[in-house]
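> Sequence first, then the predicted structure:
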Amino acid sequence: MRNRIIHWLKGWLGLLLAAGSLAAGMAAAAPAPRALTQSSEDLAGAIWLLEDPAGALSIDEVRSPALQARFTPWDPARGDVNLGFSASTWWLRVRLQRNPDAPAAWILNVPYAYNKFIDFHAPGLPVVVTGHARPPENRPLLSPHFAFPVRLADEAQDFYFRVSSHYAVSFPLVGWQIQEYSRHTLYERLLQALYHGALASMVVYAFFIWLSSRDARFGLYAAYGSALSLGILAGNGWGGLLLWPQWRAFDEVSSGVFLSLTAVALLLLARSVLDTRRAAPAWLDRLAYGSAALGAIHAAVMLASAGRSELATSLFQGLIALGALVIVLIGALAWCVRRTAIPGKKYFLLSWGVLSLGIAVGALRLLGWIPTNTLTSYAIQISTSVEMLLLSFMLASIVREERQQSLAAQARVIDVLQAQESRLERAVIERTRTLADSAQSERQTLSEYLRFAALVSHEFRNGMNVISAQAELLRRQASDATVQARTQVIGQQVTRLAKLTDTWLKSDQILNSSSAPYIEAIDCRAWLAQAIQTQPDGYDGHPITWEVADDVATLWADRGLLEIVLMNLLSNACKYSPAQSPVVVRISSKRAESGATLTGLSVHDRGEGIEPVLHDRVFDRYFRVRPEGVVSGIGLGLSFVRHIAEQHHGRVELASEPGRGSTFTVWFPDRRPEAHA
């Protein structure tokens, strides 16, 4: 009895714990809405996250109860949302509502420029497709960052962001009232203008001093400041918005390119200012110079990686290591010359300390090891502004050095870059050759597959002949009318399958056949009516209509090949059109430029259409517009159509635009080809 009571208590306790866990999970999946009241609010604490490693989830799937339960809240104690370098796509959900005392119009601002793709889903509004890799015109408000106007309702609403990036995935989110947002953007732009204006004035001043004195240190200072300013402009989104708005691929890697060049310029400036060729060990000086060359190579490779997201991601991660290497090397060089009297050394070392702190904070933020906030987000920009000021003090306290040192260094960098470029060219040539061999092998494999498919189809046809014969025999012997009707249906369907198999068997021989087509006069109306009627049933529910122009009576062609043309065009039209959408077949005529009359067989659908740049390629063997799509096929049907048209001394025309369907027309001469000789 005692054991039963204990067992009963354990069972109830387990049920209570399970119910508690379920209730906790439901509570986690249903966050309380955030009511916006103040003129601006940090929404980090209102963000819930869902990771999509394959990047395949749709908004409807994300809204499903199963995936809603998988959202996890972001801990606001970690600062703004910062997921570091991530290859996954992330969904961010924010549940908001309007406070009765607050306005309905708000702006959701993401003050971070380097998220590559952002899709914003707001209730009742079209999806906003924007991001760093997309044109600035896609942004609801023209800004270096991303701002989304919304209207909040009295009840809770869910707003979704779909985010992915080859750079660190960071998503600071702030809700602004419109007037306050406008005021904030004005202040922000004023600060950016002051920063870059001060930087530009120091760079221009140093540049003119370098022109007059030929002191390499002034030139390197100007180069460093220029690359730094461009890198900051690119990182803040201003570069892609104002300086190179048409170069979207370059904009994706521009900050990495310029920041790599800043590493090169800073190392060279350190060598020149600290006189490391004389005061530091030779191996350390060479290491610093080699690291500068490495930075230049990194910038060149990053520039070449434009449009290649996976490589760009690795290079951006390597940029952190490059920055750490620069800081360590300058520290080692400074230690070696600590007892050497060098004009401006103390300002240089102080600037190096400030820059080291800024780079360390920025790197730790990118890796997600420290909270993301305004100070950590702008740590590098703040530190570089102080650093440039200290470096200007350094330049004011030093004198002219030998000019040849800088020129020799630049010559060695050019040699290294040329050697690297040569190696890259050889690698590209070898890779191209390998890809060509692989493509040839795939074509041979596909050819074997087609021959095997023809053999299987042939055997399939033999079996259908046996079924047809037995069904006919059974129909004749049966006395029951129901059995006779059913065997007749079997025979009709087997006949259709056999005809379809014969057609495809003939299609497999078209491209390799050397015999000329048998041209005959075909009654257009009778042939088209019979051909449409004998096509495979249903075509997935697409109604097929046909019409023949009044001035067309006869079409000169090979009847079997003409049926293959019609079957291929109808099959494509039905496969790539919405369900139940009509397909129209027409026969018409026109006068060619040569004066000859041409008869055209056209098939029009209301499908997704084809981009103009692909109109010529769709007739190539094995080419498919969307090889990864759900529609089956191997890309041979349209090549059959073009080949048959050429055999008849005709041609194929395609009229299509995305979203407006497609019309394929095959034009045949109106009499035998021999009559034109």
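Cool, the structure landed. Residues are numbered from 1 along each chain as shown.
> So which residues of the stretch 151-300 of the chain form strands?
For the stretch 151-300 of the chain, the strands defined by DSSP state E, counting those that start in this stretch occupy 157-164, 168-171, 174-177.
> so how far is the second one from its chain's centroid?
Relative to the mean C-alpha coordinate of its chain, strand 168-171 is positioned 17 Å out (Cα atoms, centre = their mean, to the nearest Å).
> residues in contact with that strand?
Contacts to strand 168-171, defined as Cβ atoms under 8 Å, 6 or more residues apart in numbering, come from residues 47, 80-86, 90, 92, 110, 112, 114-115, 161, 163, 316, 366, 372, 377. Glycine gets a C-beta too; all of them are placed from N, C-alpha and C.
> any low-confidence regions in the stretch 201-350 of the chain?
Where the stretch 201-350 of the chain drops to pLDDT under 70, the residues are 309.
> can you check the stretch 351-500 of the chain too?
The stretch 351-500 of the chain contains residues with pLDDT under 70 at 366-368, 372-374, 377, 398-408, 442, 445-462, 496-500.
> quick revisit: take the contacts of strand 168-171 and keep only those in strands.
Those of the contacts of strand 168-171 mapping onto strands are Ile47, Val81, Asn82, Leu83, Gly84, Phe85, Trp90, Leu92, Val110, Phe161, Val163, per DSSP state E.
> Generate a ChimeraX selection restricted to the buried subset of those.
Listed next is the ChimeraX selection for buried residues among these, using 16 or more other Cβ atoms under 10 Å:
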select :47,81,82,83,85,90,92,110,161,163
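> Redo the ones in strands among the contacts of strand 168-171 as TSV? Include distance to Ala516 and pLDDT.
Below are the ones in strands among the contacts of strand 168-171 laid out as TSV (distance: Cβ to Cβ, whole Å; pLDDT from 0 to 100):
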residue	distance to Ala516	pLDDT
Ile47	70	94
Val81	69	89
Asn82	70	86
Leu83	65	86
Gly84	66	81
Phe85	62	80
Trp90	61	95
Leu92	65	96
Val110	66	92
Phe161	62	97
Val163	60	95
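> In JSON lines, list the ones in strands among the contacts of strand 168-171 along with distance to Gln530.
Compiled in JSON lines, the ones in strands among the contacts of strand 168-171 are given as follows (distance: Cβ to Cβ, whole Å):
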{"residue": "Ile47", "distance to Gln530": "64"}
{"residue": "Val81", "distance to Gln530": "65"}
{"residue": "Asn82", "distance to Gln530": "68"}
{"residue": "Leu83", "distance to Gln530": "63"}
{"residue": "Gly84", "distance to Gln530": "66"}
{"residue": "Phe85", "distance to Gln530": "63"}
{"residue": "Trp90", "distance to Gln530": "58"}
{"residue": "Leu92", "distance to Gln530": "59"}
{"residue": "Val110", "distance to Gln530": "62"}
{"residue": "Phe161", "distance to Gln530": "57"}
{"residue": "Val163", "distance to Gln530": "57"}
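> Return the most buried member of the strands of the stretch 151-300 of the chain.
Mean neighbours per residue, mean count of other Cβ atoms under 10 Å, is largest over the strands of the stretch 151-300 of the chain for strand 168-171, with a mean of 24.
> pLDDT on that strand, on average?
The average pLDDT within strand 168-171 is 85.
> Neighbouring strands of that strand in the sheet, and parallel or not?
Strand pairing for strand 168-171, determined by DSSP bridges: strand 81-85 (antiparallel).
> Now do the partner strand and strand 157-164, the angle between them.
Counting by axes from the mean of the first three to the mean of the last three Cα atoms, to 10 degrees, strand 81-85 lies at 20 degrees to strand 157-164.
> tell me how far strand 81-85 is from the chain's mean position?
That offset, for strand 81-85, works out to 20 Å (Cα atoms, centre = their mean).
> quick one on the thing from earlier: sort out which one of the ones in strands among the contacts of strand 168-171 lies nearest Ile297 for me.
Distances from the ones in strands among the contacts of strand 168-171 to Ile297 were compared by Cβ to Cβ; the smallest belongs to Phe85, at 21.1 Å.
> thinking again about what came up before, want to throw the strands of the stretch 151-300 of the chain into a markdown table with distance to Leu268?
Shown next, in a markdown table, are the strands of the stretch 151-300 of the chain (distance: least, Cβ to Cβ, whole Å):
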| stretch | distance to Leu268 |
| --- | --- |
| strand 157-164 | 36 |
| strand 168-171 | 28 |
| strand 174-177 | 40 |
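> These: which one's closest to Ser468?
strand 157-164 (55.0 Å).
> Sheet partners, orientation included, of the closest one?
Sheet pairing for strand 157-164, using DSSP bridges, gives strand 89-98 (antiparallel), strand 117-121 (antiparallel).
> Take those and write them to CSV, including distance to Ile587.
Shown next, in CSV, are these (distance: least, Cβ to Cβ, whole Å):
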stretch, distance to Ile587
strand 89-98, 49
strand 117-121, 46
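> wait, which of these is closest to Leu199?
For the strands paired with strand 157-164, the distance to Leu199 is smallest for strand 117-121, at 29.2 Å, taking Cβ to Cβ.
> Return the distance of Ala645 relative to Thr665.
Computed with Cβ to Cβ, to the nearest Å, the distance linking Ala645 and Thr665 is 10 Å.
> Any buried residues in stretch 646-658, and which?
Residues of stretch 646-658 classed as buried: Gln647, His648, Gly650, Val652, Leu654, Ser656 (neighbour count, 16+ other Cβ under 10 Å).
> Stretch 279-295 too?
Within stretch 279-295, the residues that count as buried by 16+ other Cβ under 10 Å are Ala279, Ala280, Asp285, Leu287, Ala288, Tyr289, Ser291, Ala292, Ala293, Leu294, Gly295.
> Just the CA trace of that stretch, in PDB.
In PDB, the C-alpha atoms belonging to stretch 279-295 read as follows (Å, rounded to 0.1, in the frame of the first residue of the first chain):
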ATOM      1  CA  ALA A 279      67.200  51.200 -34.200                       C
ATOM      2  CA  ALA A 280      65.400  47.800 -34.300                       C
ATOM      3  CA  PRO A 281      66.600  44.300 -35.100                       C
ATOM      4  CA  ALA A 282      66.600  43.600 -38.800                       C
ATOM      5  CA  TRP A 283      64.300  40.600 -38.500                       C
ATOM      6  CA  LEU A 284      61.700  42.600 -36.700                       C
ATOM      7  CA  ASP A 285      61.900  45.500 -39.200                       C
ATOM      8  CA  ARG A 286      61.500  43.000 -42.000                       C
ATOM      9  CA  LEU A 287      58.500  41.400 -40.300                       C
ATOM     10  CA  ALA A 288      56.800  44.800 -40.000                       C
ATOM     11  CA  TYR A 289      57.500  45.500 -43.600                       C
ATOM     12  CA  GLY A 290      56.300  42.000 -44.700                       C
ATOM     13  CA  SER A 291      53.100  42.500 -42.600                       C
ATOM     14  CA  ALA A 292      52.500  45.700 -44.500                       C
ATOM     15  CA  ALA A 293      52.800  43.800 -47.700                       C
ATOM     16  CA  LEU A 294      50.500  41.200 -46.200                       C
ATOM     17  CA  GLY A 295      48.000  44.000 -45.600                       C
END
